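[1] okay, predicted coordinates and the sequence, questions at the end:
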Amino acid sequence: METEQIKQIISEQLTLDELHVSGENGHFQVIAVSEMFDGMSRVKQQQTIYAPLKEVIASGEVHAVSIKAFTPSKWQREQLLNPIG
């Protein structure tokens with residue numbers, strides 16, 4: 001599974017301001033930015049991102065997903081402190 005396929009699966013089911021996916025060999029890192037994460041617990045944020053990927057994880061195409069979810073304002077602050085390039 002490629003990063004673009006992961007992006008497509010997530011984007012088809014969630015409305016996000018930004019989505020960054022990196023990784024290979026079944027291990028991926030996801031950064032998602034949306035106002036929908038405001039007020040959500042960290043666990044709920046991760047469940048929200050995992051939900052569209054449930055089938056590819058169950059099939060074994062994806063082995064691990066590391067998720068970071070941000071609101072747009074928190075993402076701006078994160079970019080200042082830790083730019084992703």
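    On my side now, so go ahead.
[2] sec struct for the residue nearest in space to the middle of the chain, please.
    The geometric centre of the chain, computed from its C-alpha atoms, lies nearest to Val30 (CA atoms, centre = their mean), at 3.5 Å. Using DSSP: H, G, I helix; E, B strand; the rest coil, the three-state assignment for Val30 comes out as strand.
[3] neighbours around the closest residue to it other than its chain neighbours, how many?
    Take Val30 and drop its neighbours on the chain: the residue closest to it by CB to CB, 6 or more residues apart in numbering is Ile67, 4.9 Å away. Backbone N, C-alpha and C define where each C-beta goes, glycine included. In terms of burial, Ile67 registers 17 neighbours under the definition other CB atoms under 10 Å.
[4] same check, this time on Ala32
    Close neighbours of Ala32, defined as other CB under 10 Å, add up to 24.
[5] same check, this time on Glu61
    Glu61 is flanked by 13 other residues according to other CB under 10 Å.
[6] just Gln79 next, same as before
    If you count neighbours by other CB under 10 Å, Gln79 ends up with 12.
[7] contacts for the helix or strand harbouring it, please.
    Secondary structure from DSSP states H and E places Gln79 in helix 72-81. Under the contact criterion CB atoms under 8 Å, 6 or more residues apart in numbering, helix 72-81 has outside partners Asp17, Glu18, Val33, Ser34, Glu35, Phe70.
[8] what does stretch 36-45 give?
    Leu14, Thr15, Ala32, Thr48, Ile67, Ala69, Phe70, Thr71.
[9] just stretch 2-19 next, same as before
    21-24, 28, 30-36, 48-49, 51-53, 56, 62, 72, 75.
[10] helix or strand with the lowest mean pLDDT in this structure?
    The helix or strand of the chain with the lowest confidence, counting by mean pLDDT, DSSP states H and E, is helix 72-81 at a mean of 89.
[11] which parts of it are buried?
    When neighbours are counted by 16 or more other CB atoms under 10 Å, the buried residues of helix 72-81 are found to be Trp75.
[12] likewise for stretch 9-29?
    Of the residues in stretch 9-29, those buried (16+ other CB under 10 Å) are Ile9, Ile10, Leu16, Leu19, Val21, Gly23, Phe28, Gln29.
[13] check the offset of that stretch from the chain's centre.
    Remark: stretch 9-29 is offset 5 Å from the chain centroid, using CA atoms, centre = their mean, to the nearest Å.
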